[in-house]
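Visitor: I'll drop the sequence and a predicted model, then ask my questions.
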Amino acid sequence: MNTTTRSAGRILAGAFGAFLLAWLLAACGGGGGSAVETKVLLGQVIGGFPEGARVCLDLNASGRCDETEPQARTGPTGAYSLRVDKAASAPLVAESANAVMGETKPGTLRFASPSPEYATDLTAFTTLVHLTHVKDFALAEDLVRGALGLPPHFAIGLHAPPAAGSLAERVASATTEALCSCGASLAANDEAAFGKVVAALPPRLADLPVLRIQTKDGAPIVSREVYVDATFTLLNPAVSPEAMPLNGKIRGRGHSTWGLPKNPYKVQFKEDAAYAAVPDFLGMRKNRNWALLADWYDRSLMRNKLAFSLGNSVAFSDGLKWTPSGQHLEVYLNGDYVGVYLLAEDIRIAPERLDIRKMAKTDTDGGYIVEVDMRLDCYNDGTLNLQHLTPLRVPVCIDTPDEGSITTAQLAYIKGLVDSAEGDIYGGASLARLNPASFADWYLLSELFRNNDAVFFASDFMWKDTNSAANPADRLLNMGPFWDFDLSAGNYNFNDNWKSEGCWVNKTPPGVTTNWFGRLFDNRAFLDLTIARWKAKRPLIGTFVNASLDAWSVRLAAPQQRNFQRWPILGTQWTNYYTFATWEEEVAFLRVFLNERMAWMDRAFDSPESWQAMCR
């Protein structure tokens, strides 16, 4: 008998001995007179593993399968069935010494799940969730998406092999490559493992996508109302070196940002065969309508992206139905490099955006989107007027339905609802017509960023679904979605909004007639709710903010150089109070501001008494 055969025999004997001992203990009541209760874990190992891979419950948290631990082998499809002690709680580990990734040589590959309660299907993504060592699995998934350059809500919970060539398949494959190459331990005590794997990811995952826009006949984009026909190519290196062709049109957008050297744009893709072939937009759900945010005022290039992502994160998604997503990319317009932009979902009612009912002409009770906007920059032809001043002169634009579809009855209904809600708030600080959780969460995130526009000045949206909506909270007036955070987080030289201390969003500064939040906090229930939600969310917020800044600093390090070569504005003053000579200093300031702001809010939101003392 050779050495290999003897070793295999010892392994089989050891495994059989462990099984026999467990069986005898169960049969004999474990020596204590009671049977050991067991359960069967059913799952699948997805990606890179051959048949016969070992799956175990990692009881000693070593990050590998030891002979004494409950284990099973995978079948041809990667499926396994593992019987374990019903009371056992430990990570799951899959390992194979014969895994092959692409052209690489065979080697040991390990996947993990932090807990069977999180996932019994083991993938590269569950392995990264495990390596974060974050016990809140939803937050861990948020951190993994950020590290991989994926947008919020991108589905990383795989239960079957993803489609070949899809973004999920390519990113999972790249993550598996990194796991193979860096040798990061899956042991519970290796706090550096997540960083090792992220650092080993292939460059294609860190490279920004590229959007090339060619207007018809090279026509300039000079209007915010009139579209120009255009062709587009969208390249996502994480998926393929080949760009996707698209057709559509483009126009200007924005208020104070339109007309700056680096302009924002509104893009609408044509619904044709090219559009039908696109599965998603950089991992965001498919829609024809997008905003290209220039972030001219924000030299970190991160504030809008961070606010949107935080609103989508586990910290706020329980109170806010929908927040736009955005992905950084680099843009060329008619052959001219115009810098780093944020491709952002625009605010609209749609199944893949704000998913509320789109009303028929005969409906009146929802859904609606309205915007508090001091400019009252909305439709009014003298007959049909989407502009509205509440009794306390809050300027409101009816955004949806728009002038092409709204009826007289619908217009009267939504104006009346807004007025009635205001009357409730100021008549007795009543919350009867509001979803308080949405107002509290919108306030907290806006206050965290000390967003200059969030004092019922501009870009402050509200919405309402139908009275028959499945979720009762959706039938009320909800705050959101978020928009326009470039003049926030210390990036503004008016109203003391460069300071990390002091309440802002409940104030009524000069130029603002009425701010509902000033009155809402007279309602003790609303104040108590807001304080409770801050305390519950605070650990999640701090972790998410700092991890996101880390991840995006890596992805933007090279593109920001090209952006500021094209637009040399670092060290100059526009709307900013502080000026910094480098992008790295801009990012460092953003981090310091938000961490100081969180610490200040901890003190202000410690109790109703502290809020009254620090915020009134």
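Guide: Yep, it's here. Numbers count the residues shown, from 1 in each chain.
Visitor: On the pLDDT front, check the nearest residue to residue 491 once chain neighbours are set aside for me.
Guide: Among residues not flanking residue 491 along the chain, residue 576 sits closest, at 5.4 Å (CB to CB, 6 or more residues apart in numbering). To be clear about C-beta, it is placed using only N, CA and C from the backbone, and glycine gets the same treatment. The model reports residue 576 with a pLDDT of 93.
Visitor: Distance of residue 576 relative to residue 297?
Guide: Distance of residue 576 to residue 297, given as CB to CB, to the nearest Å: 7 Å.
Visitor: Mutual contacts of these two, please.
Guide: residue 491 (CB atoms under 8 Å, 6 or more residues apart in numbering).
Visitor: Show me the residue at the heart of the protein, geometrically.
Guide: Nearest residue to the geometric centre of the chain (CA atoms, centre = their mean): residue 152, 2.9 Å.
Visitor: Look at that one and give its secondary structure.
Guide: coil (DSSP: H, G, I helix; E, B strand; the rest coil).
Visitor: OK, contacts around the closest residue to it other than its chain neighbours?
Guide: Spatially, and ignoring its direct neighbours in sequence, residue 152 is nearest to residue 312 (3.4 Å; CB to CB, 6+ apart). Going by CB under 8 Å, 6+ apart, residue 312 touches 152-153, 323, 325.
Visitor: Tell me which residues touch the residue nearest to the centre of the chain, please.
Guide: Under the criterion of CB under 8 Å, 6+ apart, the neighbours of residue 152 are 142, 145, 308-309, 312-313, 323, 325.
Visitor: Columns pLDDT, distance to residue 405 and secondary structure on top of the residues you listed, output as TSV?
Guide: Below are these laid out as TSV (pLDDT from 0 to 100; distance: CB to CB, whole Å; DSSP: H, G, I helix; E, B strand; the rest coil):
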residue	pLDDT	distance to residue 405	secondary structure
142	98	36	helix
145	98	36	helix
308	98	27	helix
309	98	32	helix
312	98	28	helix
313	98	33	coil
323	98	25	coil
325	98	26	coil
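Visitor: Which pair of these spans the longest distance?
Guide: Within these, 145 and 323 form the most distant pair, 14.3 Å apart (CB to CB).
Visitor: Would you quantify the distance from the closest residue in space to residue 398 that isn't next to it in sequence to residue 356?
Guide: In this structure, residue 398 finds its nearest non-sequential neighbour in residue 386, 4.2 Å apart by CB to CB, 6+ apart. Using CB to CB, we find residue 386 at a distance of 19 Å from residue 356.
Visitor: Looking at these two, which one has more neighbours?
Guide: Between residue 386 and residue 356, counted using other CB atoms under 10 Å, the more crowded position is residue 356 (24 against 21).
Visitor: surely that one meets residue 367?
Guide: Yes - using CB atoms under 8 Å, residue 356 is in contact with residue 367, at 3.6 Å.
Visitor: shared neighbours of the two, anything?
Guide: Common neighbours of residue 356 and residue 367 (CB under 8 Å, 6+ apart) are 349, 463-466.
Visitor: quick check, nearest of those residues to residue 395?
Guide: residue 463 (17.4 Å).
Visitor: Report how many residues lie close to that closest one.
Guide: Counted with other CB under 10 Å, the neighbours of residue 463 add up to 26.
Visitor: you'd agree it is in a helix?
Guide: No - counting by three-state DSSP, residue 463 is not part of a helix but strand.
Visitor: Now do the SS call for the closest residue to it other than its chain neighbours.
Guide: Nearest residue to residue 463, sequence neighbours excluded (CB to CB, 6+ apart): residue 369, at 4.8 Å. Using three-state DSSP, the structure places residue 369 in strand.
Visitor: Number the residues from 38 up from this point.
Guide: With 38 as the first residue, the last one maps to residue 406.
Visitor: Just the pLDDT for residue 406.
Guide: Value for residue 406, per-residue pLDDT: 98.
Visitor: Return the residues in contact with it.
Guide: 384-386, 391, 436-437, 498-500 are the contacts of residue 406 under CB under 8 Å, 6+ apart.
Visitor: Tell me the bridge partners for it.
Guide: With DSSP bridges as the criterion, residue 406 is bridged to residue 437, residue 500.
Visitor: Against residue 514, how distant is it?
Guide: For residue 406, the distance to residue 514 - CB to CB - is 11 Å.
Visitor: repeat for residue 290
Guide: 26 Å.
Visitor: Comparing those two, which shows the higher neighbour count?
Guide: Taking other CB under 10 Å, residue 290 and residue 514 do not tie; residue 514 has more neighbours (22 against 19).
Visitor: Quick check on the more buried one: phi, psi?
Guide: Backbone torsions of residue 514, given as degrees, to the nearest 10, read phi -80, psi 120.
Visitor: likewise residue 367?
Guide: The phi/psi pair for residue 367 (degrees, to the nearest 10) is phi -110, psi 140.
Visitor: For residue 177, give its distance to residue 236.
Guide: 18 Å.
Visitor: which of the two has more neighbours?
Guide: Using other CB under 10 Å, the more surrounded residue of residue 177 and residue 236 is residue 177, with 23 against 12.
Visitor: Low-confidence ranges, the stretch 138-287 of the chain, go.
Guide: 138-144 (pLDDT under 70).
Visitor: Okay, strands next: where are they in it?
Guide: 144-150, 247-252, 265-272, 281-289 (DSSP state E, counting those that start in this stretch).
Visitor: So which of these has the densest surroundings on average?
Guide: Highest mean neighbour count of the strands of the stretch 138-287 of the chain: strand 144-150, a mean of 22 (counted as mean count of other CB atoms under 10 Å).
Visitor: Only C-alpha atoms, please: export that strand in CSV.
Guide: Output of strand 144-150 as CSV, limited to C-alpha atoms (Å, rounded to 0.1, in the frame of the first residue of the first chain):
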residue,chain,number,x,y,z
GLY,A,144,-5.1,25.0,-6.6
THR,A,145,-7.1,25.2,-3.4
LEU,A,146,-10.1,27.4,-3.6
ARG,A,147,-12.3,28.2,-0.6
PHE,A,148,-15.7,29.9,-0.5
ALA,A,149,-17.6,30.7,2.7
SER,A,150,-20.9,32.0,4.1
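Visitor: Paired strands for that strand, with orientation please.
Guide: In the sheet, strand 144-150 lines up with strand 129-136 (antiparallel) (DSSP bridges).
Visitor: And the partner strand, what's buried?
Guide: Neighbour counts over strand 129-136 (16 or more other CB atoms under 10 Å) mark 129-133, 136 as buried.
Visitor: Nearest spatial neighbour of residue 247, chain-adjacent residues omitted?
Guide: residue 272 (4.5 Å).
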